[in-house]
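Trainee: for reference, the sequence and a predicted model appear below.
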Amino acid sequence: MGIEATRTTVALPWGPVSYLEWAPPAGADASVVVLLHGGGLDSAWLSWGELGGELAAAGHRVLAPDHPGYGHSPRAPWRATQDRLLGYVAAFASALGLERYALAGLSLGGGLAIGHALEHPDRVRALVLLGSYGLQPTLVEGALRVPAQLASWAALRTGVLQAATRASARDRRVLERSLRPVLRDPARRSPELLDAVAEEARRGSGLEVFAEWQRAEVGLRRQSTDYSAMLARIEAPTLFVHGERDAGVPAPVAERAAASMPRARAVVVPGAGHWVQRDRPDVVVPAMIDHLASLD
């Protein structure tokens, strides 16, 4: 029987945030790992429900918050921007009395982990960045860079992307097809996962909050957040975990980012998409456990 998660709420200056906690076995000298999920139809449970118990069994105290407006956390009384979300991450860690911890983040959560490590280098003992945001100045590179950026900017301001995502969640076949680019293994697109994603679409406000963040991030010519020139300042041991078939952020982007940092390496996971830890937990979980164990 694996280690089960408990759900708790912590009061932050603007309101409550719900989080999952997996406690390590009794007597373990536990280090803290904070897991930050991605944007859109995501939550702490959707991204980390299968992984948190494995990390706890390896001796870590694992904490995974639902970002404001996602999962079981109500929306914050402010518009979601990168700076606001970075403030939330710092407030969450402070409210729980965390002094030193490892941070792991998927996609949007990876960008938050990078930003937090840059702002609070004394707190972050290690990073794990999975399909991370914030590694390039535009959404895509190459010849399509300009038209893709412009098309995304326009679509976000018409509501087309948000409406299409919500509509897909109401039709099971469409939902399954929409997950194929991020979850490449058909067996991992289980009925249980489809139910959970559809429930998040019905219950949460994550799509609206994500659209706010996207409108603040996606500019006409470039992204508002690009950490690529600052990565060399991060001294915390960093593991990039990236799906070989990630359609959103190509794997070479992560490899290039890792090469620019003093204590980083990249693992490209064969066959995996953007939701890499759900696609190939057999590769991702051991890689994360080994990385965290190397800190001791």
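Mentor: Good, I have the coordinates.
Trainee: right, and Val174 touches Thr165 too?
Mentor: No - Val174 lies out of contact with Thr165 (Cβ atoms under 8 Å); the separation is 10.3 Å. (Each C-beta comes from the backbone N, C-alpha and C, glycine too.)
Trainee: neighbour count: the two, which is higher?
Mentor: Thr165 (18 against 13; other Cβ atoms under 10 Å).
Trainee: and that one, how far is that from Gly243?
Mentor: Thr165 is 20 Å from Gly243, where distance means Cβ to Cβ, to the nearest Å.
Trainee: may I have the phi/psi pair for Gly15?
Mentor: Gly15 has phi and psi values of phi 160, psi -180 when expressed as degrees, to the nearest 10.
Trainee: mind listing what it touches?
Mentor: Gly15 is in contact with Pro68, Pro74, Ala76, Pro77, counting by Cβ atoms under 8 Å, 6 or more residues apart in numbering.
Trainee: Three-state assignment for the second one, please.
Mentor: Reducing the assignment at Pro74 to three states with DSSP: H, G, I helix; E, B strand; the rest coil gives coil.
Trainee: wait, what's in contact with it?
Mentor: Pro74 neighbours (Cβ under 8 Å, 6+ apart): Gly15, Pro16, Pro68.
Trainee: nearest residue to the last one other than its sequence neighbours?
Mentor: The spatial neighbour of Pro68 that comes closest, neighbours along the chain excluded (Cβ to Cβ, 6 or more residues apart in numbering), is Ala76 at 3.9 Å.
Trainee: for the protein, which residue is closest to the average position?
Mentor: Nearest to the mean C-alpha position of the chain, counting by Cα atoms, centre = their mean, stands Leu106 at 2.3 Å.
Trainee: could you give the bridge partners of it?
Mentor: Leu130 (DSSP bridges).
Trainee: for it, give me its contacts.
Mentor: Contacts of Leu106 by Cβ under 8 Å, 6+ apart are Leu36, His37, Gly38, Asp42, Ser47, Leu130, Gly131, Ser132, Trp275, Val276, Gln277.
Trainee: could you export those residues as TSV, including neighbour count, secondary structure and pLDDT?
Mentor: Converted to TSV, the contacts of Leu106 look like this (neighbours: other Cβ atoms under 10 Å; DSSP: H, G, I helix; E, B strand; the rest coil; pLDDT from 0 to 100):
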residue	neighbour count	secondary structure	pLDDT
Leu36	27	strand	99
His37	26	coil	98
Gly38	29	coil	97
Asp42	25	coil	95
Ser47	25	helix	97
Leu130	32	strand	98
Gly131	30	coil	97
Ser132	28	coil	98
Trp275	26	coil	96
Val276	28	helix	98
Gln277	25	helix	97
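Trainee: let me have the contacts of Pro74 in a markdown table, adding distance to Val160 and pLDDT as columns.
Mentor: Below are the contacts of Pro74 laid out as a markdown table (distance: Cβ to Cβ, whole Å; pLDDT from 0 to 100):
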| residue | distance to Val160 | pLDDT |
| --- | --- | --- |
| Gly15 | 30 | 96 |
| Pro16 | 32 | 98 |
| Pro68 | 24 | 98 |
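Trainee: can I get those residues in a markdown table including distance to Ile234?
Mentor: As requested, the contacts of Pro74 are exported to a markdown table (distance: Cβ to Cβ, whole Å):
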| residue | distance to Ile234 |
| --- | --- |
| Gly15 | 30 |
| Pro16 | 31 |
| Pro68 | 25 |
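Trainee: what's the closest of these to Val283?
Mentor: Of all these, Val283 sits closest to Pro68, with 31.2 Å by Cβ to Cβ.
Trainee: I'd guessed Val89 sits against Ile114; true?
Mentor: No - look at Val89 against Ile114 with Cβ under 8 Å: they stay out of range, at 10.9 Å.
Trainee: more neighbours, these two?
Mentor: Ile114 (28 against 22).
Trainee: part of a helix, is the more buried one?
Mentor: Yes - assessed with three-state DSSP, Ile114 lies in a helix.
Trainee: wait, it sits on Ala229?
Mentor: No - Ile114 sits out of contact with Ala229 when judged by Cβ under 8 Å, with a separation of 11.9 Å.
Trainee: quick revisit: and the contacts of Gly15, which are buried?
Mentor: For these, a neighbour count by 16 or more other Cβ atoms under 10 Å gives the buried set as Pro68, Pro74, Ala76.
Trainee: show me what contacts Leu85?
Mentor: His67, Pro68, Leu108, Leu112, Trp213.
Trainee: the same query, at a cut-off of 7 Å, please.
Mentor: His67, Leu112 (Cβ atoms under 7 Å, 6 or more residues apart in numbering).
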